[in-house]
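1. Have a look at this fold, sequence not included:
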């Protein structure tokens, strides 16, 4: 971390994500989702008289399954979302989404 946990007096975080996803599937319910995106990140943290700032961008890819009935109802998706930047490739990110489609 930047400092010991009890020394940080102020932290600011700004993220601006942008991406494009495409759904493959023709049965109106099951889809394979692929996408690419980029996120701008700015972190500003201060402790007493010292301050640290980080600015950068991260790319991401999306590979996943989506269950979204065309007529509405229960919505589910699971995806692998690796991220990458100039420092390397980090493959073990992902997520699960649940909801209701109207």
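-> Ah, there it is. No experiment lies behind these values; they were computed from the predicted model shown.
2. Would you map the strands across the protein?
-> For the chain, the strands defined by DSSP state E cover 10-24, 30-47, 50-67, 73-80, 83-85, 88-90, 94-101.
3. tell me which residues in the fifth one are buried?
-> Going back to what we said before, that points to strand 83-85. When neighbours are counted by 16 or more other CB atoms under 10 Å, the buried residues of strand 83-85 are found to be residue 83. In this view, the C-beta of every residue, glycine as well, is placed from N, C-alpha and C.
4. How far off centre is it?
-> Distance, stretch centre to chain centre, for strand 83-85: 11 Å (CA atoms, centre = their mean, to the nearest Å).
5. Any stretches of this protein with poor pLDDT?
-> 1-9, 47-50 (pLDDT under 70).
6. List the residues that contact the closest residue to residue 23 other than its chain neighbours.
-> Distance criterion CB to CB, 6 or more residues apart in numbering; nearest residue to residue 23, sequence neighbours excluded, is residue 31 at 4.1 Å. Contact analysis of residue 31 by CB atoms under 8 Å, 6 or more residues apart in numbering lists 23-25, 65-68.
7. now residue 82
-> So residue 82 contacts 60-61, 89-93 (CB under 8 Å, 6+ apart).
8. Quickly note the distance from it to residue 101.
-> 27 Å (CB to CB, to the nearest Å).
9. go on, residue 83?
-> According to CB to CB, residue 83 stands 27 Å off from residue 101.
10. again, but for residue 60
-> For residue 60, the distance to residue 101 - CB to CB - is 24 Å.
11. again with residue 57
-> Look at residue 57 and residue 101: by CB to CB, they are 32 Å apart.
12. swap in residue 91?
-> As judged by CB to CB, residue 91 and residue 101 stand 29 Å apart.
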